[in-house]
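Trainee: Turn this into a structure:
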Amino acid sequence: MGKKLFCEISPLTYAISLRKEIWKRHLKNWLGKEKYAKERSDQRLAVLVSEVHNNMIKRGPGIDEKLQLNKADNIRLACSRINGLIIKPGETFSFWNRVGKTSKRNGFTEGRVIINGRLVAGVGGGLCNLANNLNLIVLHSPLTVTEVHYHSDALAPDPGGKRVPFSAGTSVNYNFVDYRFRNDTSQPVQLCTWCDGDDLFTELRTTEPFAETFRIVEEDHHFHKEPNGKYYRISKIYRETIDRVSGEVKKKELVWDNHSEVMFDYDLIPKEQIR
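Mentor: From the prediction side, this is the model:
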């Protein structure tokens with residue numbers, strides 16, 4: 001076994017490391033030149049570019065339902081701070097610039113978070129679900145992702161046994177693990193985020209259709225047991241850029257070389273998907 005990192009020694013050293021990274025990001029933001037989107041509008045822009053919706057509550061063996069319900073509350077609160085945001089040409093969207101600090105004082109509760117490779121309870125847990133949806137709708141647009149981090153996208157079994165690429169995986173952690181994109185197009189875009197019951201809805205909207213459409217493609221998806229005894233989800237996830245008029249695929253780029261530790265009961269892995 002290799003030498004532990006300072007943050008892995010104890011909860012105290014993890015907290016110290018966390019505080020250091022938060023202040024490093026505060027300093028970086030202060031010195032940076034990004035122009036963050038601030039304007040919000042109750043009026044939706046006319047053209048729907050992309051949309052994603054899913055159920056926020058995961059149920060199954062070993063999943064704490066209370067933490068799932070808290071996660072949904074955290075997402076509802078974060079959605080209320082993003083919904084209607086207009087990102088003008090040249091502006092940057094920052095997840096944490098909009099959502100703010102995930103503290104109990106700010107209304108957040110304990111949900112599931114990943115710390116040192118383990119699922120544990122933590123204030124503000126579950127916001128990765130929202131960040132992942134935002135990443136998905138942005139990947140279906142010509143916007144430029146400027147910061148993205150990934151964790152396991154094998155947190156729970158695929159709903160109904162059907163694999164959906166990028167059903168999870170985008171990671172955020174206040175405030176140094178951020179999700180950001182920049183609007184390098186010539187027209188404004190708008191984020192619409194809201195919850196209806198236990199369902200999360202995210203939309204990306206604009207004023208005129210873009211010249212290109214986009215598609216997410218996953219190849220060689222399977223599960224594999226590695227020498228450490230753990231199972232991993234393995235695949236390559238690509239984004240295809242398609243000409244709106246001709247339907248021609250103009251570009252295919254690797255978005256994520258996926259190697260995700262399975263964090264649910266191994267008995268729930270579809271046997272036919274194990275290699």
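Trainee: Let's see the distance spanning stretch 118-130 from one end to the other.
Mentor: Criterion CA to CA, to the nearest Å; first-to-last residue distance in stretch 118-130 is 20 Å.
Trainee: my bad, should have said stretch 30-43
Mentor: End-to-end span of stretch 30-43 (CA to CA): 31 Å.
Trainee: Buried residues in it, which are they?
Mentor: 34, 37 (16 or more other CB atoms under 10 Å). C-betas here are computed from N, CA, C, even on glycine.
Trainee: burial measure for residue 23, as a count.
Mentor: 12 (other CB atoms under 10 Å).
Trainee: Could you pull up phi and psi at it?
Mentor: phi -70, psi -30 (degrees, to the nearest 10).
Trainee: Which parts of the stretch 51-200 of the chain are strands?
Mentor: For the stretch 51-200 of the chain, the strands defined by DSSP state E, counting those that start in this stretch occupy 85-87, 92-94, 110-115, 118-123, 144-147, 180-182, 189-196, 199-206.
Trainee: how distant is the second one from the center of its chain?
Mentor: Think strand 92-94. 14 Å (CA atoms, centre = their mean, to the nearest Å).
Trainee: Show me the beta-bridge partners of the nearest residue to residue 47 once chain neighbours are set aside.
Mentor: Once flanking residues are discounted, residue 47 sits nearest to residue 206: 5.0 Å by CB to CB, 6 or more residues apart in numbering. Legend: beta-bridge partners of residue 206 under DSSP bridges are residue 47, residue 189.
Trainee: pLDDT wise, what is residue 206 at?
Mentor: Reading off the confidence values, residue 206 has pLDDT 98.
Trainee: Ok, residue 244 next?
Mentor: 96.
Trainee: next one: phi and psi at it?
Mentor: Here residue 244 shows phi and psi, under degrees, to the nearest 10, equal to phi -60, psi -40.
Trainee: Contact partners for it?
Mentor: 209, 210, 211, 212, 213 (CB atoms under 8 Å, 6 or more residues apart in numbering).
Trainee: Serialize those to JSON lines and add fields for pLDDT.
Mentor: What follows is the contacts of residue 244, written out as JSON lines (pLDDT from 0 to 100):
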{"residue": "209", "pLDDT": "98"}
{"residue": "210", "pLDDT": "98"}
{"residue": "211", "pLDDT": "97"}
{"residue": "212", "pLDDT": "97"}
{"residue": "213", "pLDDT": "98"}
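Trainee: Quick one, which of the residues you listed are buried?
Mentor: Here, 16+ other CB under 10 Å leaves 210, 213 buried among those.
Trainee: about what we covered before: tabulate the strands of the stretch 51-200 of the chain (JSON lines), appending distance to residue 12.
Mentor: Formatted as JSON lines, the strands of the stretch 51-200 of the chain follow (distance: least, CB to CB, whole Å):
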{"stretch": "strand 85-87", "distance to residue 12": "37"}
{"stretch": "strand 92-94", "distance to residue 12": "29"}
{"stretch": "strand 110-115", "distance to residue 12": "13"}
{"stretch": "strand 118-123", "distance to residue 12": "15"}
{"stretch": "strand 144-147", "distance to residue 12": "28"}
{"stretch": "strand 180-182", "distance to residue 12": "30"}
{"stretch": "strand 189-196", "distance to residue 12": "36"}
{"stretch": "strand 199-206", "distance to residue 12": "35"}
